[in-house]
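Asker: quick one, structure for this:
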Amino acid sequence: MEIHVRIEDLKKINLTLTQYLILWAIYNKVEIVKYLIIDNEAIEDLKKRAFIFDKENGTRVLTSLGLEVFEPNSILFDEFIKIFPTRVTDKAGVVRVLSPASPSSLAGKKIKRKWCAITKNSIEKQELILNCLKAEVELRRKENNLYWMRNIETWLNKVTWEDYQYLLEEPKEEIKGFMNEIRL
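Answerer: Just a heads-up that it's a prediction; the model follows:
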């Protein structure tokens, strides 16, 4: 397993690398004490700053502040879920489910973790993904082939927004689909 974290990002939220690893381990339910020697001062500072707390049974959990390190404000994610088609029907009436209906459902929470891992809290990247999704949905609706859209998890895993990023560079009235585009 690899962990990628930028020191600049840690400085923004005033965490040391050790503190980040502690929070990461709690968030992912991984025991890191076997592999690292953790300074008790780092844990006490996280408790004092309300990132974590100890339950009565001795387990540590993240507070809402601690969760924000890995699951930042979800306004853009909620918009992503809202824009992504939930169900699509083909001409024969066959229905495919593409995304969860709600960001608070179990499937929605799973997708949110993927979203956070991919976007790494970058507002710019989240906005790019949203704009590409809007462009793809608009194009597919015009061409009446929404049924062939990838499901949300595959869409994120395969970095599908990059396939539709070219649509953002074209003027709106010139958006052309795969089947009807002719270039001379």
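Asker: A strand includes residue 53, no?
Answerer: Yes: under DSSP: H, G, I helix; E, B strand; the rest coil, residue 53 falls within a strand.
Asker: run a quick neighbour tally on it.
Answerer: For residue 53, the neighbour count with other C-beta atoms under 10 Å is 12. Placement of C-beta: from N, CA and C, glycine included.
Asker: residue 119 too?
Answerer: 20.
Asker: hang on, it packs against residue 125?
Answerer: Yes: Residue 119 lies in contact with residue 125 (C-beta atoms under 8 Å); the separation is 4.8 Å.
Asker: what do these two both touch?
Answerer: With contacts taken as C-beta atoms under 8 Å, 6 or more residues apart in numbering, residue 119 and residue 125 have no neighbour in common.
Asker: which residues touch the spatially most central residue of the chain?
Answerer: Centroid check for the chain by C-alpha atoms, centre = their mean gives residue 115 as the closest residue, at 0.8 Å. For residue 115, the contacting residues are 77, 80, 126, 156, by C-beta under 8 Å, 6+ apart.
Asker: could you do residue 60 as well?
Answerer: Counting by C-beta under 8 Å, 6+ apart, residue 60 touches 26, 43, 52-54.
Asker: buried stuff in stretch 132-143?
Answerer: Using 16 or more other C-beta atoms under 10 Å as the burial criterion, the residues of stretch 132-143 that qualify are 132-133, 135-137, 139-140.
Asker: restricted to helices, list those residues.
Answerer: Here DSSP state H is the test, and these give 132-133, 135-137, 139-140 as lying in helices.
Asker: any idea which of these is closest to residue 110?
Answerer: Distance to residue 110, by C-beta to C-beta, is smallest for residue 133 among these, at 18.1 Å.
Asker: tell me where the model's unsure across the chain.
Answerer: 1, 33, 72-73, 171-184 (pLDDT under 70).
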